[in-house]
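Engineer: for reference, the sequence and a predicted model appear below.
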Amino acid sequence: MSQTLDDVLSANQHYAENFGDKGALPLPPGRRFAILTCMDARLDPAKYAGLAEGDAHVIRNAGGRASDDAIRSLVISHKLLGTLEYFVVHHSDCGMLLFSDDIISGLLEKSLDTAVIDENGWRDVGHGPGSAAGRYVKWLTIGDPHQAVVDDVRRIREHPLVAPEIPIHGYIYDVKTGRLMEVPSAREAGRPRL
Ligand SMILES: [Zn+2]
């Protein structure tokens with residue numbers, strides 16, 4: 001058994017032993033909102049937004065981007081599970097700022113092993129074969145962090161399956177302070193349209 005698997009299962013055993021009455025929680029989120037945020041390991045939405053089990057939906061991907069699949073989850077969240085408000089939370093120092101579609105596709109073409117980054121940029125040190133399949137993926141990297149929040153809020157707002165009365169809030173989480181900072185131009189983009 002891997003050490004990681006061992007650690008996870010033993011942590012879970014401890015969690016389950018102290019599960020209390022959470023087995024009685026209803027399926028729809030009690031506080032009726034959803035957060036779309038980055039998978040970055042430094043972000044803990046339950047902590048930065050004060051969530052307990054059963055409170056809210058948290059949808060995570062690389063960058064916290066409004067991909068088709070993130071929007072699929074947000075639509076289900078409202079349409080079937082009653083959430084009434086969305087948050088898009090990106091963050092400072094996001095890894096999605098550090099590469100382009102061309103860079104990751106090039107690295108993957110050389111090998112599938114983990115690449116390294118130094119002052120000269122990304123470098124592949126793995127053993128091939130890689131794959132050119134990455135050339136067909138839209139990786140949703142980030143150029144300007146504020147603009148990316150506005151773009152994602154706007155994309156959700158303008159999606160035909162997103163209810164116009166849902167407010168969409170756009171924020172950047174500061175990994176140095178733990179603070180959520182509003183992206184001012186996202187406010188207009190995310191305003192309910194009734
Ligand atoms: Zn990130």
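Structural biologist: It's in. In this text, all values refer to a predicted model and were calculated from it rather than measured experimentally. Numbers count the residues shown, from 1 in each chain.
Engineer: can you list the residues of the protein near the ion?
Structural biologist: When proximity is defined by CB under 5 Å from the ion, the chain lies next to the ion at 38, 40, 94. Bear in mind the C-beta positions are built from the backbone N, C-alpha and C, glycine included.
Engineer: which of those fall within strands?
Structural biologist: In this view, these that belong to strands under DSSP state E are Cys38.
Engineer: TSV for the residues of the chain next to the ion, including pLDDT and distance to Arg179?
Structural biologist: Formatted as TSV, the residues of the chain next to the ion follow (pLDDT from 0 to 100; distance: CB to CB, whole Å):
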residue	pLDDT	distance to Arg179
Cys38	98	16
Asp40	98	15
Cys94	98	16
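Engineer: now distance to Val150 too, for the residues of the chain next to the ion, in JSON lines please.
Structural biologist: JSON lines is the format used below for the residues of the chain next to the ion (distance: CB to CB, whole Å):
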{"residue": "Cys38", "distance to Val150": "16"}
{"residue": "Asp40", "distance to Val150": "20"}
{"residue": "Cys94", "distance to Val150": "15"}
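Engineer: list only buried entries from the residues of the chain next to the ion.
Structural biologist: 38, 40, 94 (16 or more other CB atoms under 10 Å).
Engineer: was I right about the last one contacting Ala41?
Structural biologist: No - in this structure, Cys94 sits apart from Ala41 without contact. The criterion is CB atoms under 8 Å, and the distance is 11.9 Å.
Engineer: this protein: strands as residue ranges?
Structural biologist: Under DSSP E, the chain gives strands at 34-38, 57-61, 86-91, 116-118, 121-123, 168-173, 180-182.
Engineer: with distance to Pro160 as new columns, can the ones you listed be given to me in CSV?
Structural biologist: Formatted as CSV, the strands of the chain follow (distance: least, CB to CB, whole Å):
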stretch, distance to Pro160
strand 34-38, 18
strand 57-61, 19
strand 86-91, 16
strand 116-118, 39
strand 121-123, 37
strand 168-173, 15
strand 180-182, 27
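Engineer: of all the ones you listed, which one comes closest to Gln3?
Structural biologist: strand 116-118 (23.2 Å; CB to CB).
Engineer: distance between the closest one and the chain's centre?
Structural biologist: Its chain's average C-alpha position is 24 Å from that of strand 116-118, according to CA atoms, centre = their mean, to the nearest Å.
Engineer: sheet partners, orientation included, of that strand?
Structural biologist: strand 121-123 (antiparallel) (DSSP bridges).
Engineer: let me know which of the strands of the chain is the nearest to Lys110.
Structural biologist: strand 121-123 (9.4 Å).
Engineer: which residues touch the closest residue to Lys138 other than its chain neighbours?
Structural biologist: Leaving aside its chain neighbours, Lys138 sits nearest to Asp101 (6.9 Å; criterion: CB to CB, 6 or more residues apart in numbering). Counting by CB atoms under 8 Å, 6 or more residues apart in numbering, Asp101 makes contact with 137-139, 141.
Engineer: by neighbour count, which of these wins?
Structural biologist: Counting neighbours by other CB atoms under 10 Å, Thr141 comes out on top of those with 20 neighbours.
Engineer: if anything else comes up later, I'll come back, but that's it for now.
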